[in-house]
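[1] Model the structure of this input:
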Amino acid sequence: MSAARRRLAQGFGALFAFARAPDLALAKPHLSACEYRAFRAMSRSDQLHSLQVLEKTLAADSTAPKALICAALLHDVGKSRYHLSVAQKSAAVIIEALSPGLSRRLGERETINFWRAPFVLRRHHAKWSGEILRECGADADTIWLARHHQDAAERCRDHPLHPLLTRLQFADGRS
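    Numbering: from 1, shown residues only. Purely as a prediction, here's the structure:
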């Protein structure tokens, strides 16, 4: 599926997320109490997305390590710091497609206001995910995977968790 089609499908999925209840029973056994509260703080569409990432991860390897499973569920938990409207998400996708440089500039600082929020979240949510997971006492591997899930995998090639990162990114990119 092309990137544009995937983004469009994600957009429709987010738009109609209100009609689908996340399968919380799938997430809960894999998370600590704090991690589960953090998962529940995510928007419904982000919960559904994370559950899809988990399902794709487990479909590829039913014996996936705990760090990969937790990162699949919580890689986007940093987005819970600011919930976006459909208009904000749509504007961000359009501006990113038309002017990636402008999109990057709008997301540089962590200061959030209504118009900059989608760009700031896109750029900083992985770092915030790591912070939230650290506050929950998650293991270092889970924190690293969440913190780096948007990094270019090539830049992390020498890191011991590179194989898990590529698996997470593969599942994330297909969800």
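
[2] quick one: low-confidence ranges for the chain?
    Along the chain, the model assigns pLDDT under 70 to residues 1-19.

[3] center of it, which residue is that?
    D76 (2.7 Å; CA atoms, centre = their mean).

[4] residues touching that one, list them.
    M42, D46, H49, S50, H125, S129 (CB atoms under 8 Å, 6 or more residues apart in numbering). Using the backbone N, CA and C atoms, a C-beta is placed for each residue, glycine as well.

[5] Highest neighbour count among those residues?
    For the contacts of D76, the largest number of neighbours (other CB atoms under 10 Å) sits with S129, at 29 neighbours.

[6] Which residues are in contact with that residue?
    With contact taken as CB under 8 Å, 6+ apart, S129 is in contact with L74, H75, D76, V77, G78, K79, A146, R147, H149.

[7] Quick check, the last one in contact with R167.
    No - in this structure, H149 sits apart from R167 without contact. The criterion is CB atoms under 8 Å, and the distance is 10.7 Å.

[8] could you measure L58 against L51, distance?
    Between L58 and L51 the computed distance is 11 Å (CB to CB, to the nearest Å).

[9] For the two, indicate the residue with more neighbours.
    L51 (20 against 17).

[10] Which SSE is immediately downstream of the helix or strand containing the more buried one?
    Applying DSSP states H and E as the criterion places L51 in helix 44-60. As assigned by DSSP H and E, the chain's next helix or strand after helix 44-60 is helix 66-74.

[11] any residues touching stretch 131-146, and which ones?
    Here stretch 131-146 makes contact (CB under 8 Å, 6+ apart) with 32, 34-35, 38, 65-68, 70-71, 74-75, 77-78, 80, 126, 129-130, 159, 161, 164-165, 168.

[12] Next SSE downstream of the longest helix along the chain?
    As assigned by DSSP state H, the longest helix anywhere in the chain is helix 117-135. On the C-terminal side of helix 117-135, the closest following helix or strand by DSSP H and E is helix 140-148.

[13] Please find the angle between the direction vectors of that next one and helix 66-74.
    Between helix 140-148 and helix 66-74, the angle comes out at 40 degrees (axes from the mean of the first three to the mean of the last three CA atoms, to 10 degrees).
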